[in-house]
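In: return atomic coordinates for the entry below.
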Amino acid sequence: MSLSAKRILHQGEVELLFVKSKVYLHPTPSKKDNVPGFLTLSRTSNSTNLDIILSYSPENTLSKEEIDTYNKIDVEQVDLNLASLKYNKQGKAPLNRIVPKPSASILSSYSFTTTLSYIYSIQFRNPSHGYWYGSIIINTQDGEKLPIMFFHDDESSSTIKNQKLQNQQFNPFGMDDNGELYWGAIDFLKVLKSLINVQKSSLEPTVYLINPESDDLRNFAPFKKKPEQPKPNNDVFKLPDVNKIFTTAKWKVLETVATFSARTKNQVLDLIEDNAPAPIKEIIYQPEVTKIGDEFDSARIYLAKWAQQVKEEAELSSQKYMLDDDIYNKLNKELGSEEILTQEEINRTSRREEISIQEWQGFFDHSGRLCITVEEVKSRIFHGGLAPEVRKEAWLFLLNVYPWDSSTEEREILNKSYATRYEELKLKWVNDEDKRNTEFWKDQKFRIEKDVQRTDRGIEIFKNPVGGELLEEDDQFDVSNIRNEHLFKMREILLTFNEYNTNLGYVQGMTDLLSPLYVVFQDEVLTFWAFSNFMIRMERNFLRDQSGMKKQMNTLNKLLQFTLPNLYKHLESCQSNDLFFFFRMLLVWFKRELNWEQVNRLWEILWTDYYSSQFHLFFALGILSDNERIVVQNLKQFDEVLKYFNDLSGHLQLNPLLIRSEILFLKFKRMLNIIDRDNSLQKIGADPYETTNVSDEIGEDLRELLKRDLVIQKEVERPEGVGGG
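Out: All right, here's what the predicted structure looks like:
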């Protein structure tokens, strides 16, 4: 019989995935009553990994043929193919692994079975050589304990074989090299981890939680110790401060020395020389300003407009969104003098482990549909992020390429539809020579090729296959000669996006948004649709009149006034309350401030819209909050502030900032709720002709930060003769 031969599983049959021999039950203290048997994992056809059956089968309940099959599989090297284990569409299995379905307990046979989805936790009790065997205790979802299983490693063929191999490799520890001595249950644990989500409890390290939910993990992890708070100073009021929770802010010695382009500086000066007031001209001459303007054309344009208009608006709105001391005192009293959030709320903001491929697969049933709510998935992503191997599928859901309620079959149909539609869009410019000869199209093509050639060239797949650095430099002079196949596909995607969104077209900075998507998918069609959907929310960043960026910058300004008034006042004294140093960060969602993996993690968290579709503004607020003490105590001038925040690039710690940002959001939401409640009470018996109150002054811009619906601003039709970018 060929080992590769397969057939359909019949009713009452299973495919054996894992076998461990000489696993015993000890029903009485007497050795003569010990029951030898097999611990197995098996599956029926059309089953997910959570449907896999865990069984214990005593040897005396099996036929001789079954025992022979079990023993052979026990000593074989198990080569698990995770993709095929997720869902066996054909229902076929290797002939040498097909056995009758293990039976549950029959009278006193000691057999039992359960599915992995029904297991809550497993305790692994290590052996003590010379005294007792290692054992596992399985707890089910309803609190029942299955019989304790003891691993008689001195009799088990597979354990003896693996032990010899490890001795030859001078490694007495487990396969994962986690510092624990190898024993039979380590094999079982390793296979479990490859199939489903298994998390070690931080409260009891011998206990592993099976496919745990958020509450399970919190129940098995003690609350963080409440930090001691200094006694309040009754003479000077201070708004409850997130810095009292986070005490790790340290002065960073930043070694980066900015280099500046005289050419770019002159372009900025040409734009504003005739219009900017004298104080603004002094600021424009600061080299740190031109450093930002040198990176994006849109930053230079914004800078010119800011010199004339935005700066004035920032000054006009100064302190408009800062609450007076009486209101702050009410908030302080209501929320507790020292804490604005409870310790439990703070604990819930802690970061979790990233979602593994096993946990992600456990979210779906055999048809590929979600078997938990979308809200649960988004909460899990928001608080932990995704393992790199999960992103290729999960990002398509987050970016609405795949509907959350779709099945595997429906997604396959969608893929074919997407491919057809993309080909139609692409042929619009490929087959239209007249279009390609227009000045606008040639200008757009040049901009795209120039930016593609210089985007993320340090990433491995974007490096040229031969020629080294000299060829990389040649690319800057002949931008249309794109030798790297992946960069070429990015060029094709952006040229096709011109046909998909004709009003917007290509604008500098879009390559920064496209490249992470391409690296994850490495598929031209899927990357195009993911990018197009990403641009629905990001289009406002690239509008010709800069209104989208201006609104976000102003909203961040108001948010800073409202939540961190002391920092705002200090930045105002430094002529930095316009927050221009955040332009680049908001434009491409911190792409230049974070390393590659951090960008992937931040973006997938922001795409959940878990708290707000504008949570990126709270992440920006988190950066400001994290650096408040340093800025207030050490920086006094505009150029000092700008240089400090520019030089944070590459030095940001993502997880602490995510925790801080979440706490700032919850703090902001709680403040609004208390103010609104207080205002509603004041309206009883108030002057009916008095229409202004604190709630009105907060403004719609700040209230919109609580909404999860996307804020969408579309570009208007391009006027005749207006170029791209």
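In: how are the strands of the chain distributed by residue range?
Out: Along the chain, the stretches classed as strands by DSSP state E are 6-8, 13-25, 35-43, 53-58, 92-94, 98-100, 112-115, 119-125, 134-140, 149-151, 198-200, 207-210.
In: so which of those strands comes closest to residue 355?
Out: Residue 355 lies closest, by Cβ to Cβ, to one member of the strands of the chain: strand 198-200, at 11.2 Å. (Each C-beta comes from the backbone N, C-alpha and C, glycine too.)
In: ranking the strands of the chain by mean pLDDT, which is last?
Out: Least confident of the strands of the chain, judged by mean pLDDT, is strand 92-94 with a mean of 78.
In: how far away is residue 669 from residue 612?
Out: Separation of residue 669 from residue 612 (Cβ to Cβ, to the nearest Å) stands at 9 Å.
In: quick check: neighbours shared by the two?
Out: Counting by Cβ atoms under 8 Å, 6 or more residues apart in numbering, the common neighbours of residue 669 and residue 612 are residue 706.
In: same drill for those two, tell me which one is more crowded.
Out: Neighbours per residue (other Cβ atoms under 10 Å) separate residue 669 from residue 612, with residue 612 holding more: 20 against 14.
In: for residue 581, which non-adjacent residue is closest in space?
Out: residue 645 (4.0 Å; Cβ to Cβ, 6 or more residues apart in numbering).
In: surely that neighbour touches residue 583?
Out: No. Between residue 645 and residue 583 there is no contact, the gap being 10.7 Å when judged by Cβ atoms under 8 Å.
In: low-confidence ranges, the stretch 551-700 of the chain, go.
Out: 678-698 (pLDDT under 70).
In: tell me where it has helices.
Out: 565-573, 583-587, 596-606, 615-626, 628-634, 638-646, 654-682, 694-698, 700-703 (DSSP state H, counting those that start in this stretch).
In: same check on the stretch 351-500 of the chain?
Out: 357-361, 374-384, 388-398, 408-430, 433-436, 439-453, 468-477, 485-500.
In: would you list those in TSV and tack on distance to residue 519, mean pLDDT and mean neighbour count?
Out: Conversion of the helices of the stretch 351-500 of the chain to TSV gives the following (distance: least, Cβ to Cβ, whole Å; pLDDT from 0 to 100; neighbours: other Cβ atoms under 10 Å):
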stretch	distance to residue 519	mean pLDDT	mean neighbour count
helix 357-361	18	93	21
helix 374-384	19	94	18
helix 388-398	10	97	19
helix 408-430	19	94	14
helix 433-436	28	87	10
helix 439-453	13	89	19
helix 468-477	18	48	12
helix 485-500	8	93	20
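In: out of the ones you listed, nearest to residue 6?
Out: Short answer: helix 408-430, nearest of those by Cβ to Cβ, at 20.8 Å.
In: that closest one packs against which elements?
Out: helix 433-436, helix 485-500, helix 524-538 (3 or more Cβ pairs under 8 Å, 6 or more residues apart in numbering; DSSP states H and E).
In: residue 122 is in contact with residue 206, isn't it?
Out: No. At 9.4 Å, residue 122 and residue 206 do not qualify as touching, with contact defined as Cβ under 8 Å.
In: which of those two has more residues huddled nearby?
Out: More crowded of residue 122 and residue 206, by other Cβ under 10 Å: residue 122, with 21 against 13.
In: so the more buried one bridges to which residues?
Out: Counting by DSSP bridges, residue 122 forms beta bridges with residue 138, residue 208.
In: and it, how far is that from residue 409?
Out: From residue 122 across to residue 409, the span is 34 Å (Cβ to Cβ).
In: picking up where we left off before, out of the helices of the stretch 551-700 of the chain, which is closest to residue 52?
Out: Going by Cβ to Cβ, the one of the helices of the stretch 551-700 of the chain nearest residue 52 is helix 596-606, 28.2 Å.
In: okay, that closest one in CSV with CA atoms only?
Out: Provided in CSV are the C-alpha atoms of helix 596-606 (Å, rounded to 0.1, in the frame of the first residue of the first chain):
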residue,chain,number,x,y,z
TRP,A,596,8.7,48.3,9.4
GLU,A,597,7.1,45.8,11.8
GLN,A,598,5.8,48.6,14.1
VAL,A,599,4.1,50.2,11.1
ASN,A,600,2.4,46.9,10.2
ARG,A,601,1.2,46.5,13.8
LEU,A,602,0.0,50.1,14.2
TRP,A,603,-1.9,50.1,10.9
GLU,A,604,-3.8,46.8,11.6
ILE,A,605,-4.8,48.2,15.0
LEU,A,606,-6.0,51.5,13.5
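In: flag every buried residue along that helix.
Out: Across helix 596-606, burial judged by 16 or more other Cβ atoms under 10 Å covers 598, 599, 600, 601, 602, 603, 604, 605, 606.
In: and the fourth one, how far from residue 594?
Out: Meaning residue 601. Distance from residue 601 to residue 594, by Cβ to Cβ: 8 Å.
In: kindly report the same for the third one.
Out: Counting by Cβ to Cβ, the gap between residue 600 and residue 594 amounts to 9 Å.
In: domain assignment for the chain?
Out: With domains defined by automatic domain parsing, the chain comprises 6-219, 242-348+544-706, 357-542.
In: how about those domains, which one is nearest residue 718?
Out: domain 357-542 (5.8 Å).
In: what about the closest one, start to end distance?
Out: 35 Å (Cα to Cα, to the nearest Å).
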